[in-house]
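*Asks:* the following block contains a protein sequence and its predicted model.
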Amino acid sequence: MSRFFRQAGDSDSDSEESDDELMSSGDDAPKAAPTAAKPVMSRFLRTAGSDSSDSDDSDDSESDSDESDEKPRKSSKFLRSDSEDEDSEEEGKAGVRIMSAQERRLAEMEATGKAMDNALKINDWVAISNGTHLSFPFDSLARMIQRQHNVSEPIPPFYIRTLVGMEASLNNALAKEKEAKKKMNATNAKALTAMKQKVKKASKEYETDIQKYQNDPEAFERDYTALTTREAPTSAPSRSTGPRADGEADDDFTTVGKGGKSMLFTSESIYKNLQAVQEARGKKNTDRVEQIRTLERLLEVAVTSYQRIRVLLALISSRFDYNSSVATHMPLELWLSAQREVDQLVAIVAADAAYAIQETTEDYDEMIERSPATEKDGVVRIRGSIISFVDRLDDEFTKSLQNIDPHGPEYVDRLKDEKVLYCTICRAQAFYESSKQAEPLARVIMRRLEHIYSKPDPVVQALEAAVESLDAKPELSLVKQKTTSLLIHNLCAYLYGAGNSLLRTRAMLSHIYHHALHNDFYTARDMLLMSHLQESIHSADVATQILYNRTVVQLGLCAFRCGLIKESQAILQDIFTTQRVKELLAQGVHQQRFQVISPEQEKAEKQRQLPFHMHINTELLEAAFLVSSMLVEIPLLASIDSEELKRKAISKPFRRLLDFADRQIFTGPPESTRDHIMQASKALQDGEWEKCRDLVQSIKIWSLMPEAVSVKEMLAKRIQEQGLRTFLFTYSTHYTTLSLASLAQTFSLSIRAVTSIVSKMIWTEELSASLDQSGGVVVFHRVEVSRAQQLAQVIADKVGSMVEQSEKTLDVKMGGTGGWGDRADGNKGEKRGEQTQERRGRGERRGGGARGAMRGRGGRFAQGLGNQMQAS
């Protein structure tokens, strides 16, 4: 049927007929040509259904007309019989051969060289130097030779011959240019000069090879042929058709590497394979998984300690190189494998003192076997760093905890791996103690300290119990030191004597944190003040500033647990004033309303976040700060008469919340922690101390604080005392005398406690009264202050603040700091600081106790820490 009358369904029948033709046997004689040629259908009249069939038919017609008398038609690969397979294999020998990667590179070089020769014939140096259809032919040829170097292949004679010929052509062209009357154009002359420099540089680089080639070109080519044939891949063995056992499955295959080269994993070829792996490390398109497998095979065949150390150093580095992204963490399986291999490496070096791994060593040949007998002093020094592996393991562990959901079981399972990591750190510490390497020992002790300084005693005891089962134990252990505090003290004492100032600073902060965690407030406070870290912490790195912020916050919580309310409020005020508590503690990213941060900044912020199990509960921290501010601010507000002085607040965050609560028309039952504390503050202002106590004790967050029962009892006692002070400040103008027994009954205090509180208020001039112990009453004295006296007090306060600000500015310009920074220059500075504090105290007493809460030891401490904690 004519093709013009075919329908879409006819293509199937045509394809079936063509298949029947293809199923003809290969042994039959070639078929005769078809009797009638099929008419060719115009391409513009084809339908969609006839595309495939028409294309097949047209191909058939063209092949029939050209090759029907010369070759039999080849059957389909999938429809051949066994006999046809044998015939096709014989015919395929004379077919197209697939070129290897080396042959393709050589063919590409020759094509580039041919283009350069064509350009030389017409003296076109622009085409050679800058390129025409080939982009920069000479530069492309140089890149191809560099590629030969990368795959450790010899330089082909073709390139050396091209360099020699190019140099001769350049000399001839320059000589002709000098003698020619008509000079070449400027562009061609510029390209000629550029090519002269390029050829000169390349000739200098391959000067030795050029000299060998010029002396004996045939010998040079024979050497190249010998090298290439020696490195040629071995032919694959023929596969047997019969069945074989599973154990014999791998005998017929040869492991090949990049470029089809065979790789033999034997103890003799370890160094050659190691060199190949190290050369490919870090390059583009390097298969990291294959590198790790190769090194694992090399570790299996390693015999000597030197071979195992060399392979382990390369293998651990390759595992760390597997994850090139900074944002993601290392896979768990690779991390565990690296941890086991670090332990194995430390065990090998610790067992044999004749081998040492050091970061700086003399140059040595990495391709030969080394032993203690071949070294001068009997010690084989290998270039490497165990402490860098330990640091990377610890960093990857922290990074994995940052990226795992802390509320899922995976986080807990991952946290269990901290025990094996701690054992690895202690094993490395024992090794460095035995080898007496001071600098890496200090670094590994700091890593160990960071794992235990912030943990409670039961957790530290569990970690140390795992260390006791090790074959190599460090000198400092919990069994020898008896208590965790003594263990941490000795670890920090070693770091204090180290030469690294950063490690000393971090050790000091960790030590202070540990003391604060164990409610040793005065020791922690004295250590912080004597270290003067608050003066220089703003110039430290971000991680150290975060550790400083955590230490100061933990010190404030310690003061709160010990019942030192004023000290706690003064310490916590600085960090809460910034309104960036989570960001300063590295527990979250602070998002400002009109600030846009770049993705790089956001990534950096997330990378410095602490793992969830190291977080300090910010809600508990806020509750402690607000309660401390309440117990300090409410009596102070009651003691001030003028509205102008009332606007001066000690704790601005608390005063802001209190003012907002006062503006509320309707107040419902408290729901959050802030609601409980604001309603308790109002009750304390009204003298209802029992309601205030119940509201504060009903906050559920106290259950997360250690020794919650004793903390609640302490808060009840402090609320009673401050309730009495608030009552006396508020209602002293309404009484002439007030019975001590009545006060004791009202606030459920003993007469002795009431007498002590009243006497202290009279002594500090907060209360204008006298104590009549014979009658058991307090006699109030009314002092009428005139308007002029009030204005004089206001002016005196302002002048005092101006003087204080001027002193701070002068100290900054002179290179010092205010407050406790004055102590840096000895007794003179200390006396000046005390005089400044005394002036402030006199001003407060003249002001009727307007700032009385900041006097004494707590006041000086608040002055020392004021505005010194810098945002990270």
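*Replies:* Sure thing, it's come through.
*Asks:* mind telling me what element Leu738 is part of?
*Replies:* Under the criterion of DSSP states H and E, Leu738 resides in strand 737-739.
*Asks:* what sits up against that strand?
*Replies:* For strand 737-739, the surrounding residues in contact (CB atoms under 8 Å, 6 or more residues apart in numbering) are Leu728, Asp772, Gly775, Gly776, Val777, Val778, Val779, Phe780. No exception for glycine: its C-beta is placed from N, CA and C like everyone else's.
*Asks:* can you give the strand pairings for it, parallel or anti for each?
*Replies:* The strands that strand 737-739 pairs with in its sheet are strand 777-780 (antiparallel) (by DSSP bridges).
*Asks:* how about the partner strand: buried residues?
*Replies:* Residues of strand 777-780 classed as buried by neighbour count (16 or more other CB atoms under 10 Å): Val777, Val778, Phe780.
*Asks:* for the last one, give me its contacts.
*Replies:* It refers to Phe780. With CB under 8 Å, 6+ apart, Phe780 has these contacts: Ser732, Thr733, Tyr735, Thr736, Thr737, Leu738, Leu767, Ser768, Ala769.
*Asks:* who wins for most neighbours among the residues you listed?
*Replies:* Leu767 (24 neighbours; other CB atoms under 10 Å).
*Asks:* quick one, phi psi at it?
*Replies:* For Leu767, the backbone dihedrals (degrees, to the nearest 10) come out as phi -130, psi 120.
*Asks:* excluding chain neighbours, give the residue nearest to it in space.
*Replies:* Of all residues not flanking Leu767 in the chain, Met761 sits nearest, at 4.0 Å (CB to CB, 6 or more residues apart in numbering).
*Asks:* you'd agree the one you found is up against Thr726?
*Replies:* No. Met761 is beyond contact range of Thr726, at 11.4 Å (criterion: CB atoms under 8 Å).
*Asks:* which residues do the two both contact?
*Replies:* Joint contacts of Met761 and Thr726 (CB under 8 Å, 6+ apart) do not exist.
*Asks:* skipping adjacent residues, who's closest to Met630 in space?
*Replies:* Met630 sits nearest to Ser681 (CB to CB, 6+ apart), 4.8 Å away.
*Asks:* count the neighbours of Leu704 for me.
*Replies:* By other CB under 10 Å, neighbour count at Leu704 equals 11.
*Asks:* that one and Thr618 touch, don't they?
*Replies:* No. With contact defined as CB under 8 Å, Leu704 does not count as touching Thr618 (11.4 Å).
*Asks:* against Ser510, how distant is the residue nearest the centre of the chain?
*Replies:* Nearest to the mean C-alpha position of the chain, by CA atoms, centre = their mean, lies Gln607 at 5.2 Å. The gap separating Gln607 from Ser510 is 21 Å, by CB to CB, to the nearest Å.
*Asks:* nearest to Lys603, of the contacts of Phe780?
*Replies:* Leu767 (57.6 Å; CB to CB).
*Asks:* what's stretch 716-728 in contact with?
*Replies:* Against stretch 716-728 from outside (CB under 8 Å, 6+ apart): 563, 565, 631, 634-635, 638, 684-685, 687, 689, 692-693, 696-697, 738, 743, 746-749, 753-754, 757-758, 761, 767, 778.
*Asks:* which helix or strand contains Lys198?
*Replies:* Counting by DSSP H and E, Lys198 is part of helix 186-205.
*Asks:* what lies in contact with that helix?
*Replies:* Contacts of helix 186-205 (CB under 8 Å, 6+ apart): 123-126, 128-130, 138-139, 142, 163, 166-167, 170, 173-174, 177, 183-184, 210.
*Asks:* please apply the same query to stretch 487-497.
*Replies:* 442, 445-446, 448-449, 452-453, 460, 464, 476-478, 481, 503-504, 506-508, 510-511, 514.
*Asks:* again, only this time at 10 Å
*Replies:* Residues outside stretch 487-497 that contact it (CB atoms under 10 Å, 6 or more residues apart in numbering) are 429, 438, 441-443, 445-446, 448-449, 452-453, 460, 464, 474-481, 483, 503-515, 518.
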